[in-house]
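Enquirer: Dropping a prediction and its sequence here:
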Amino acid sequence: MAIERTFSMIKPDATRRNLTGKIVDRLESAGLRVVAQKRIRITRAQAEAFYGVHRERPFFGELVETMTAGPVVVQVLEGENAILKNREVMGATDPSKAEPGTIRKDFAVSIGENSAHGSDGPDTAKQEIAFFFSESEITG
Ligand code: CMP
(Lines give C-alpha, C1' and ligand atoms only; values in the text may rest on other atoms or scores of the structure.)
Protein backbone atom coordinates (compact mmCIF):
# COMPACT_ATOMS: atom_id res chain seq x y z
CA MET A 1 0.00 0.00 0.00
CA ALA A 2 1.41 3.34 -1.05
CA ILE A 3 1.86 6.22 1.35
CA GLU A 4 -0.86 8.81 0.68
CA ARG A 5 -1.53 12.37 1.74
CA THR A 6 -4.91 13.81 2.60
CA PHE A 7 -6.27 17.16 3.72
CA SER A 8 -7.96 17.56 7.10
CA MET A 9 -9.60 20.53 8.77
CA ILE A 10 -10.61 20.86 12.42
CA LYS A 11 -13.71 23.07 12.27
CA PRO A 12 -14.64 26.15 14.34
CA ASP A 13 -17.08 24.23 16.58
CA ALA A 14 -14.14 22.07 17.70
CA THR A 15 -11.51 24.81 18.08
CA ARG A 16 -14.05 26.84 20.12
CA ARG A 17 -14.41 23.92 22.57
CA ASN A 18 -10.63 23.41 22.79
CA LEU A 19 -10.79 19.97 21.15
CA THR A 20 -7.81 20.36 18.78
CA GLY A 21 -5.49 18.13 20.84
CA LYS A 22 -8.11 15.42 21.34
CA ILE A 23 -8.82 15.31 17.60
CA VAL A 24 -5.12 15.24 16.66
CA ASP A 25 -4.68 12.38 19.14
CA ARG A 26 -7.41 10.37 17.34
CA LEU A 27 -5.67 10.96 13.99
CA GLU A 28 -2.19 10.08 15.26
CA SER A 29 -3.44 7.04 17.16
CA ALA A 30 -4.88 5.72 13.88
CA GLY A 31 -1.40 5.86 12.33
CA LEU A 32 -1.76 9.16 10.49
CA ARG A 33 1.16 11.59 10.64
CA VAL A 34 0.57 15.36 10.76
CA VAL A 35 3.07 16.59 8.14
CA ALA A 36 1.69 20.16 8.00
CA GLN A 37 -0.60 22.11 10.28
CA LYS A 38 -1.69 25.69 10.86
CA ARG A 39 -4.42 27.45 12.82
CA ILE A 40 -6.04 30.14 10.70
CA ARG A 41 -9.19 32.15 10.32
CA ILE A 42 -10.61 31.55 6.83
CA THR A 43 -12.30 34.38 4.95
CA ARG A 44 -15.80 34.20 3.52
CA ALA A 45 -14.29 34.13 0.00
CA GLN A 46 -12.03 31.21 0.95
CA ALA A 47 -14.95 29.27 2.49
CA GLU A 48 -17.09 29.88 -0.60
CA ALA A 49 -14.29 28.75 -2.91
CA PHE A 50 -13.25 25.75 -0.81
CA TYR A 51 -16.85 24.46 -0.64
CA GLY A 52 -17.72 25.65 -4.18
CA VAL A 53 -19.00 22.20 -5.13
CA HIS A 54 -21.86 22.73 -2.60
CA ARG A 55 -22.79 26.22 -3.86
CA GLU A 56 -26.27 25.19 -5.02
CA ARG A 57 -27.10 23.18 -1.89
CA PRO A 58 -29.67 24.60 0.55
CA PHE A 59 -27.15 24.45 3.41
CA PHE A 60 -24.42 26.42 1.57
CA GLY A 61 -25.07 29.72 3.40
CA GLU A 62 -25.04 28.01 6.80
CA LEU A 63 -21.88 26.11 5.83
CA VAL A 64 -20.02 29.33 4.97
CA GLU A 65 -21.27 30.97 8.21
CA THR A 66 -20.14 28.09 10.42
CA MET A 67 -16.74 27.77 8.71
CA THR A 68 -15.98 31.47 9.22
CA ALA A 69 -17.34 31.69 12.78
CA GLY A 70 -13.94 31.01 14.38
CA PRO A 71 -10.48 29.62 13.75
CA VAL A 72 -9.89 26.32 11.96
CA VAL A 73 -6.85 24.05 12.02
CA VAL A 74 -5.87 22.95 8.52
CA GLN A 75 -3.64 19.90 8.21
CA VAL A 76 -1.95 17.57 5.80
CA LEU A 77 -2.02 13.97 7.00
CA GLU A 78 0.24 11.26 5.66
CA GLY A 79 0.10 7.50 5.98
CA GLU A 80 -0.88 4.24 4.38
CA ASN A 81 -4.33 4.60 2.85
CA ALA A 82 -4.54 8.03 4.52
CA ILE A 83 -7.67 9.26 2.68
CA LEU A 84 -9.85 6.32 3.68
CA LYS A 85 -8.28 6.00 7.13
CA ASN A 86 -9.01 9.66 7.91
CA ARG A 87 -12.62 9.24 6.78
CA GLU A 88 -12.99 6.19 9.04
CA VAL A 89 -11.57 8.04 12.04
CA MET A 90 -13.91 11.02 11.36
CA GLY A 91 -17.04 8.91 10.92
CA ALA A 92 -20.16 9.75 8.90
CA THR A 93 -20.91 13.39 7.99
CA ASP A 94 -24.09 13.27 10.07
CA PRO A 95 -22.96 12.58 13.66
CA SER A 96 -26.21 10.75 14.44
CA LYS A 97 -25.16 8.17 11.81
CA ALA A 98 -21.48 8.00 12.82
CA GLU A 99 -20.01 4.88 14.45
CA PRO A 100 -19.17 4.98 18.17
CA GLY A 101 -15.56 5.98 18.78
CA THR A 102 -15.35 8.25 15.74
CA ILE A 103 -14.51 11.97 15.96
CA ARG A 104 -17.93 13.08 14.73
CA LYS A 105 -19.87 10.67 16.98
CA ASP A 106 -17.92 11.75 20.03
CA PHE A 107 -17.43 15.49 19.39
CA ALA A 108 -19.77 16.87 16.69
CA VAL A 109 -22.64 19.19 17.59
CA SER A 110 -24.71 18.66 14.41
CA ILE A 111 -24.30 17.86 10.70
CA GLY A 112 -23.30 21.49 10.08
CA GLU A 113 -21.01 21.68 13.11
CA ASN A 114 -19.43 18.27 12.63
CA SER A 115 -15.98 19.09 14.02
CA ALA A 116 -13.83 17.84 11.13
CA HIS A 117 -13.53 17.79 7.37
CA GLY A 118 -11.49 15.32 5.33
CA SER A 119 -10.88 14.91 1.60
CA ASP A 120 -13.15 12.36 -0.08
CA GLY A 121 -10.69 11.09 -2.72
CA PRO A 122 -7.24 11.46 -4.28
CA ASP A 123 -8.18 14.33 -6.62
CA THR A 124 -9.88 16.40 -3.91
CA ALA A 125 -7.00 15.65 -1.52
CA LYS A 126 -4.55 17.16 -4.00
CA GLN A 127 -6.75 20.20 -4.63
CA GLU A 128 -7.55 20.82 -0.97
CA ILE A 129 -3.91 20.49 0.15
CA ALA A 130 -2.85 22.97 -2.57
CA PHE A 131 -5.67 25.34 -1.51
CA PHE A 132 -4.03 25.91 1.91
CA PHE A 133 -0.40 24.75 1.69
CA SER A 134 2.64 25.25 -0.48
CA GLU A 135 4.91 22.21 -0.91
CA SER A 136 7.60 23.88 1.24
CA GLU A 137 5.22 23.91 4.24
CA ILE A 138 4.82 20.13 4.17
CA THR A 139 7.48 17.96 5.70
CA GLY A 140 7.35 14.32 6.67
P1 CMP B 1 -17.75 18.39 5.20
O2 CMP B 1 -17.13 17.05 5.22
O3 CMP B 1 -16.93 19.55 5.65
O4 CMP B 1 -18.29 18.71 3.73
C5 CMP B 1 -19.37 19.55 3.47
C6 CMP B 1 -20.09 19.95 4.73
O7 CMP B 1 -21.41 20.44 4.53
C8 CMP B 1 -20.27 18.76 5.61
O9 CMP B 1 -19.06 18.34 6.14
C10 CMP B 1 -21.29 19.26 6.61
O11 CMP B 1 -20.73 19.96 7.69
C12 CMP B 1 -22.09 20.22 5.75
N13 CMP B 1 -23.39 19.64 5.46
C14 CMP B 1 -23.66 18.57 4.71
N15 CMP B 1 -24.97 18.32 4.69
C16 CMP B 1 -25.55 19.26 5.44
C17 CMP B 1 -26.87 19.55 5.79
N18 CMP B 1 -27.90 18.78 5.38
N19 CMP B 1 -27.11 20.61 6.59
C20 CMP B 1 -26.07 21.39 7.01
N21 CMP B 1 -24.78 21.16 6.68
C22 CMP B 1 -24.52 20.11 5.92
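Expert: Looks like it came in fine.
Enquirer: isn't there a strand covering residue 5?
Expert: Yes. Under DSSP: H, G, I helix; E, B strand; the rest coil, residue 5 sits within a strand.
Enquirer: Could you tell me how many residues sit around it?
Expert: Using other C-beta atoms under 10 Å, residue 5 has 22 neighbouring residues. C-beta: built from backbone N, CA, C; applies to glycine.
Enquirer: for the ligand, what are the nearby residues on this protein?
Expert: Counting by C-beta under 6 Å from any ligand atom, the chain comes close to the ligand at 54, 59, 62, 63, 93, 111, 112, 114, 117.
Enquirer: out of those, which is most surrounded?
Expert: Going by other C-beta under 10 Å, residue 114 tops the residues of the chain next to the ligand with 23 neighbours.
Enquirer: if I pick the residue lying closest to residue 102 once chain neighbours are set aside, what's in contact with it?
Expert: Once flanking residues are discounted, residue 102 sits nearest to residue 91: 2.7 Å by C-beta to C-beta, 6 or more residues apart in numbering. Contacts for residue 91 (C-beta atoms under 8 Å, 6 or more residues apart in numbering) come out as 98, 99, 102, 103, 104, 105.
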